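[1] Have a look; sequence and predicted model below, questions after that.
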Amino acid sequence: MRQKIIAGNWKMNKDINETVELIDGVKSLYSTNLHSVKVIVCPPFPSLNVANELLRGTGIELGAQNMYHENEGAYTGEVSPKMLKAVGCRYVIIGHSERRQYFKETDDFINRKARKALTEGLIPIICVGETLQEREQNITHQVVTTQVEGCLQNIPGENVEKVIIAYEPVWAIGTGKNATPEQAQEVHALIRSLLSKLYSPDVASKVTIQYGGSVKPENAKDLLHQPDIDGALVGGACLKADSFIAIVKAAL
Ligand code: 13P
């Protein structure tokens, strides 16, 4: 049985004071009966250290939203896996569609980051997903297949088992229009069968595949109870403790 994993991608939201407020809220609502669901919060870089201190002993885990594929050096503005580990991160989101769109990240670049994250002991949350135009052209399967294959290049099966893949259809992100549970399940099943072909059925059965894109307390339960949906990567709804925890509850 794969454990359900709910991750909050705060994106570029919450300064240090707002971070304290949101983490305190999430902590106070994450009651013992929810502990079978893994919860990860991914605040912006300047908030990671404080978030790490506040989360100590709560069972809530910490992730970053990006990283570079070197541990140090002349890469102005970048943050390394070594730095992320030192502030308590265990996870890192890689290849989010906003990074693909605004910062021109390619599958090859995302793959380099994913391999480095794994080498350094961080778990990458690798994002894939088609645009509205691609869905309308009926090329969703091709697009997602190319992204998954490209992002997982040269990652051996024993490492792929640890990876989290987040299927986030671009047209569902921040739009309030989520994929239906059936639409999401179809792509999740495609990803799992691709993993089965690329690696083995055993490896495929161990990989966590999250859905992301307008997940809210109202739609979370149906999405999270599809056979191949193992959790959610939540944007807007993770910025309020009560709606984030309502999504965690929906995963039970
Ligand atoms: P929303 O939940 O705001 O649609 O964002 C989803 C997302 O991009 C999470 O990474």
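    Everything's here; your move.

[2] Skipping adjacent residues, who's closest to residue 84 in space?
    Of all residues not flanking residue 84 in the chain, residue 64 sits nearest, at 4.9 Å (C-beta to C-beta, 6 or more residues apart in numbering). In short, each C-beta sits where N, CA and C put it, glycine included.

[3] mind checking the backbone torsions on the one you found?
    Dihedral angles phi and psi of residue 64 (degrees, to the nearest 10) take the values phi -110, psi 170.

[4] My read is that it contacts residue 89, right?
    Yes: judged on C-beta atoms under 8 Å, residue 64 makes contact with residue 89 at a distance of 5.0 Å.

[5] between those two, what contacts are shared?
    By C-beta atoms under 8 Å, 6 or more residues apart in numbering, residue 64 and residue 89 have these common neighbours: residue 48.

[6] List the buried residues in stretch 211-227.
    The neighbour-count check on stretch 211-227 (16 or more other C-beta atoms under 10 Å) flags 211-217, 219-220, 223-224, 226 as buried.

[7] er, stretch 95-107 I mean
    Buried residues in stretch 95-107, counted by 16+ other C-beta under 10 Å: 95-100, 105, 107.

[8] Now the residue nearest to residue 61 when sequence neighbours are not counted: phi and psi?
    Setting aside the residues directly before and after it, residue 61 is nearest to residue 40 in space (C-beta to C-beta, 6+ apart), at 4.6 Å. Phi and psi for residue 40, reported as degrees, to the nearest 10, are phi -130, psi 140.

[9] List the buried residues of whichever strand or helix holds residue 191.
    Here residue 191 is covered by helix 181-198, with elements defined by DSSP states H and E. By 16+ other C-beta under 10 Å, the buried positions in helix 181-198 come out as 181, 183-185, 187-188, 190-192, 194-195, 198.

[10] Who are the packing partners of that helix?
    helix 140-151, strand 164-167, helix 201-206, strand 208-212, helix 217-224 (3 or more C-beta pairs under 8 Å, 6 or more residues apart in numbering; DSSP states H and E).

[11] Swap in 6 Å and give it another go.
    With contacts taken as 3 or more C-beta pairs under 6 Å, 6 or more residues apart in numbering; DSSP states H and E, helix 181-198 sits against helix 140-151, helix 201-206, strand 208-212, helix 217-224.

[12] how about the residues of the stretch 1-150 of the chain near the ligand?
    Applying C-beta under 6 Å from any ligand atom, we find that the stretch 1-150 of the chain lies next to the ligand at 9, 96.

[13] repeat that with 5 Å
    Residues of the stretch 1-150 of the chain found near the ligand (C-beta under 5 Å from any ligand atom) are residue 9.
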